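>>> Show me how the following folds:
(one chain, ligands or ions: 1)
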Amino acid sequence: MARVLVHITGVVVAAALSAAAVAEELRSYTITGDGIAEPLTGVPGDPARGRALVLERTSTCILCHSGPFDEVRFQGDLAPHLAGAGSRWSRSQLRLRLVDATRFNAQTIMPSYYRVDGLARVGPSWRGKPILSAEQIEDIVAFLATLKD
Ligand code: HEC
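From the prediction side, this is the model:
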């Protein structure tokens, strides 16, 4: 049953992702320990924009995650509740998880949002492009860091 659910989610995620096309070349970043200490853009993101992105279905987060988002009726139950993520993880760790979640769990179902290598089943119009832009990653990191409780 769990396998079937994950498979269905994968299809939904793939469909949603193709709607959220963001064209951008990857910027280089440095992994230090279990995180990326410096913002991908060189400057911190905007938490309000990050919140809007996390709640948007096309960013796919809430297909899997739930969180302290009272206005969203249907939230995912395949991944941890996001409340307190800003206390459990540093900005550096949050950034690396969004960039490449497989660094934390090689078998994860969470997409790598800022990675283009080593991915299977990427549609032609998606090859070579990350799912989210560097700015979007930074906005989401800034928002997740505010989820302290
Ligand atoms: C296909 C499902 C899926 C999607 C989509 C997804 N995640 Fe995840 N995420 C997971 C799972 C599962 C975990 C638990 C750790 C693991 O298995 O990698 C996780 C872990 C996390 C964690 C750490 C949670 C904790 O406190 O332990 C954060 C933060 C997070 N995800 C944020 C996001 C954000 C932000 C997005 C959207 C940009 C997103 N995730 C999209 C499945 C998903």
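
>>> where does this structure come near the ligand, residue by residue?
Within the chain, the positions near the ligand by C-beta under 6 Å from any ligand atom are 9, 13, 54, 59-61, 63-65, 78-80, 82, 85, 88, 94, 97-98, 101, 104-105, 108-111, 113, 140, 144. Glycine gets a C-beta too; all of them are placed from N, C-alpha and C.

>>> swap the cut-off to 5 Å and go again
The chain has residues 60-61, 64, 79-80, 85, 88, 105, 108-110 near the ligand, with proximity defined as C-beta under 5 Å from any ligand atom.

>>> In helices, which of these appear?
61, 64, 85, 88 (DSSP state H).

>>> Reformat the residues of the chain next to the ligand as JSON lines; add pLDDT and neighbour count.
Formatted as JSON lines, the residues of the chain next to the ligand follow (pLDDT from 0 to 100; neighbours: other C-beta atoms under 10 Å):
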{"residue": "Thr60", "pLDDT": "92", "neighbour count": "25"}
{"residue": "Cys61", "pLDDT": "97", "neighbour count": "25"}
{"residue": "Cys64", "pLDDT": "97", "neighbour count": "19"}
{"residue": "Ala79", "pLDDT": "97", "neighbour count": "17"}
{"residue": "Pro80", "pLDDT": "97", "neighbour count": "12"}
{"residue": "Ala85", "pLDDT": "98", "neighbour count": "20"}
{"residue": "Arg88", "pLDDT": "98", "neighbour count": "14"}
{"residue": "Asn105", "pLDDT": "95", "neighbour count": "10"}
{"residue": "Thr108", "pLDDT": "96", "neighbour count": "14"}
{"residue": "Ile109", "pLDDT": "96", "neighbour count": "15"}
{"residue": "Met110", "pLDDT": "96", "neighbour count": "19"}
